[in-house]
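Colleague: Could you look at this predicted model? Sequence included:
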Amino acid sequence: MRLKTLVLSGFMIAVLIAGVASYYASSHPDGLEYVAGLTGFGDTARDSATARGPLADYRTRGVANDRLSGGLAGVLGTLTVGGLAGGLFWLLRRRDVPREHS
Amino acid sequence: MHVPDGFLDAPTSLATGAVAAAAMAVALRGARRELDDRTAPMAGLVATFVFAGQMMNFPVGAGTSGHLMGGALAVVLVGPYTAVLCISVVLIVQALLLADGGVTALGTNIMLMAVVAVGAAWLMFRLVQLVLPRKVSSVPVAAGVAAAASVPAAAAVFSVLYLIGGTAPIDASTLLAAMVSWHVVIGLGEAAITALVVASVVRARPDLVHGAQRVLAERPLLHLPQPGEVVR
């Protein structure tokens, strides 16, 4: 498989997971939240400074439809991570010395 | 395992923030050696995939869920330094854009998931590689075991941090036992996802898998007779 094919298909899978499949993810508290509740410090959690942001808690503000609101936040988050990480790693990469053709 | 604001006190959060910053500085230097024209796009994909994977909470019984942490997946696919950066970028975007994990807890989360989980996974991956047959097909198995170890390792370190700087008086052994036992179970899900994804990439392009480099290098190359060489 060519590198471009691999990266593009992997990226599409990520967008589909974040944008579509995530709607069906379990909404139970995760391991840490659960244990915090169990042992009695769950309610010490405070809202973060970004809790009122436009995509806070994987919901797109202004979009009422559950599926759309979560999916859109997921896709925007995926694109942001892809852009930031992809850009960072492209800048950091070792520039290969061009090989002489024989 | 995204720690929210309020669980740990300010001095502890500052200390974990310093650890996170130092680890990222080291990783920024080290990653240059791991990244080239072929592995840089892979590393971008790994971060993207981990972000998406972290949205897929799977049930682990008794009203609890877990999700991919991604440290083992990243370390096996792109190497330890780049893995630290992959998971850090995911955590930074989650904290700032999606309010997933606290902002003052960002250093804690980077320390737990991008440093402890990645480090534990890398250590376990290399250990298991020493035991398993030196074949490309061993790589996904070693990745799975590494993933299973990485999640309880992060959970145990969280418990220790909570002992040092938790904001509520919680019994240490109760917390440690509950954190580790639940995250052992979540680690099984982590292991399954990690082994599956690594196996797919190994099948498609073993040369792009950082954790397979050593095995590939040891594989005897096909010897082609050179012009003028006597073929016996």
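Modeller: In hand now; what should we look at? Residues are numbered from 1 along each chain as shown, chains lettered A, B, ... in the order given.

Colleague: report the longest helix in the chain, please.
Modeller: Just so you know, I chose chain A. Taking DSSP state H as the criterion, chain A has its longest helix at helix A:66-92.

Colleague: could you do chain B instead?
Modeller: helix B:172-204.

Colleague: Tell me the helices and strands packed up against that one.
Modeller: helix A:31-39, strand B:58-61, strand B:64-66, helix B:71-78, helix B:138-165 (3 or more CB pairs under 8 Å, 6 or more residues apart in numbering or on different chains; DSSP states H and E). Backbone N, C-alpha and C define where each C-beta goes, glycine included.

Colleague: list the buried ones in it?
Modeller: B:175-176, B:178-180, B:182-183, B:185-191, B:193-195, B:197-199, B:201-202, B:204 (16 or more other CB atoms under 10 Å in any protein chain shown).

Colleague: circling back: quick one: is the longest helix of chain A near chain B?
Modeller: Yes: Helix A:66-92 is in contact with chain B by CB under 8 Å from any CB of the partner chain, via A:73-74, A:76-78, A:80-82, A:84-90, A:92.

Colleague: Now list the buried members of these.
Modeller: A:73-74, A:76-78, A:80-82, A:84-86, A:88-89, A:92.

Colleague: Just give me the closest of the residues you listed to residue A:14.
Modeller: Among those, residue A:78 lies closest to residue A:14 (CB to CB), at 5.5 Å.

Colleague: which ones are touching the residue most central in space within chain B?
Modeller: Centroid-nearest residue in chain B: residue B:71, 0.9 Å away (criterion: CA atoms, centre = their mean). By CB atoms under 8 Å, 6 or more residues apart in numbering or on different chains, the contact set of residue B:71 is B:83, B:87, B:113, B:114, B:117, B:118, B:120, B:121, B:147, B:150, B:154.

Colleague: ok, and the closest non-adjacent residue to residue A:14?
Modeller: residue B:52 (3.9 Å; CB to CB, 6 or more residues apart in numbering or on different chains).

Colleague: what about the one you found, how many neighbours?
Modeller: Each residue near residue B:52 was counted by other CB atoms under 10 Å in any protein chain shown, and the total is 29.
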